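K.L.:
Let me see the structure of the following:
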Amino acid sequence: MKIKFLLPLLAIAGFLFASYTVVRGSKPMPVAPAVAEPASAPFKSFIAGSGIVEAKSRNIEIGTPLPGIVKTVNVKVGDQVKTGAPLFYLDDRDNHAELVVKQADLAKALADVKVAEATLADTNSLLNMAEAVTDRRAISSEELLKRRNAMLVAKAKLESANALVQQTRAGIANTQTTLDRLIVRAPVDSEVLQVNIRAGEFAQAGALNTPLLVLGNLDQFHVRVDIDENDAWRFDKNSTAVAYLRGNRSFKVVLVLAYVEPYVIPKRSLTGDSTERVDTRVLQALYSFDRNQIPVYVGQQMDVFIEAQDYSNGKKTDMPTKTAGAP
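P.N.:
Numbering: from 1, shown residues only. As a prediction, the model looks like this:
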């Protein structure tokens, strides 16, 4: 009798548990609070764009014209370097050995020139003595011709010796140029932002995914703003632009337009990987600001808002007049 009532009770209990599980699982997951509140536009009508901070001189990715083993690295992150200052040296022992050989070849070539000059002087003296004889019976025409030909041969040998000297000097200059190219120098006055090479590592020439060094002039910062091509027609160079720091919208700065790159390009993801693209094209505008106004670093992202004309009613609405310095 107990078994007769036990099975229905278990079935009812299972149904109730299943219903409870379904109801509990169907509840929406609570939305996690934002780590930092996003910035909001200070304008009624605006263009929003993502910006990335870069150096005034742009971020200069340093490579090497010749591959080789790095001998020494002369700089570290944060160093200030002047134009032409050595950044790192490549192994140059083979080239120095080659230079010594070529310098020895030059010494031999110069000695050969002296020998050729002496031979020419001797041949010239013999020819002059033969031509000074007035009695042609004392010297045959054949002997006179031989001495004249010997004179021409001596001149040719001297010219060949001088040409060999020039060739050897050109080879020395070429080796010295190679030695100078093994010293990678700073192209402009800048600060070292990143060092990705160490002594003993192999420095590869050509385009690299990770540059050997990154330099930049940090006297002033630029923020490169990507303006969607759909908003490019609304962009006005004279409009006010404001940038907010990612992570803390209380840090903001009024931007000054430096220049616009008038070539619309495919948008690049701000991950830093040059191979990543999205199916959007953007107009890039570069704005400048004082680096001391907000705590920002090169490569950091910012939220940028650019005031734009209001076309919400299908007509152009003039933007309100702004006081100096007001966003």
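
K.L.:
The spatially most central residue of the chain: which element?
P.N.:
For the chain, the residue nearest the mean C-alpha position is residue 61 (2.7 Å; C-alpha atoms, centre = their mean). Assigned by DSSP states H and E, residue 61 belongs to strand 60-62.

K.L.:
With residue 194 instead?
P.N.:
strand 190-195.

K.L.:
quick one on the thing from earlier: tell me the confidence at the residue nearest to the centre of the chain?
P.N.:
If you check residue 61, the pLDDT there is 93.

K.L.:
If we ignore the residues flanking it in sequence, what's nearest it?
P.N.:
Nearest residue to residue 61, sequence neighbours excluded (C-beta to C-beta, 6 or more residues apart in numbering): residue 211, at 3.5 Å. Just so you know, the C-beta spots here come from the backbone N, C-alpha and C atoms, and that holds for glycine as well.

K.L.:
And the next helix or strand past the lowest-mean-pLDDT helix or strand in the chain?
P.N.:
Across the helices and strands of the chain, mean pLDDT, DSSP states H and E gives its lowest value to helix 2-25, namely a mean of 71. Sequence-wise, the next helix or strand downstream of helix 2-25 (DSSP H and E) is strand 46-55.

K.L.:
Tell me the helices and strands packed up against that following strand.
P.N.:
strand 190-195, strand 213-216, strand 221-228, strand 277-289, strand 301-307 (3 or more C-beta pairs under 8 Å, 6 or more residues apart in numbering; DSSP states H and E).

K.L.:
Output the below-cut-off pLDDT ranges for the protein.
P.N.:
The model of the chain has pLDDT under 70 over residues 1-7, 25, 27, 29-36, 134-138, 269-279, 311-327.

K.L.:
rewinding a little: pretty sure the residue nearest to residue 61 is touching residue 184, no?
P.N.:
No - contact between residue 211 and residue 184 fails when scored by C-beta atoms under 8 Å: they sit 11.6 Å apart.

K.L.:
more crowded one of the two?
P.N.:
Using other C-beta atoms under 10 Å as the criterion, residue 211 and residue 184 rank with residue 184 on top: 23 against 18.

K.L.:
That one - that's part of a strand, no?
P.N.:
Yes - Residue 184: assigned to a strand according to DSSP: H, G, I helix; E, B strand; the rest coil.

K.L.:
Looking at strand pairing, list the partners for it.
P.N.:
For residue 184, the beta-bridge partners are residue 88 (DSSP bridges).

K.L.:
Looks like it contacts residue 88 (just checking).
P.N.:
Yes - in this structure, residue 184 is within contact of residue 88 by C-beta under 8 Å, at 5.4 Å.

K.L.:
joint contacts of residue 211 and residue 184?
P.N.:
residue 62 (C-beta atoms under 8 Å, 6 or more residues apart in numbering).

K.L.:
Show me which residues of the longest strand seen in the chain are buried.
P.N.:
As assigned by DSSP state E, the longest strand anywhere in the chain is strand 248-268. For strand 248-268, the neighbour count (16 or more other C-beta atoms under 10 Å) marks 251-253, 255, 257, 260, 267-268 as buried.

K.L.:
for stretch 120-140, same thing?
P.N.:
Buried-residue list, stretch 120-140, by 16+ other C-beta under 10 Å: 120, 123, 127, 130.

K.L.:
try stretch 196-214
P.N.:
Buried-residue list, stretch 196-214, by 16+ other C-beta under 10 Å: 197, 203, 211-214.
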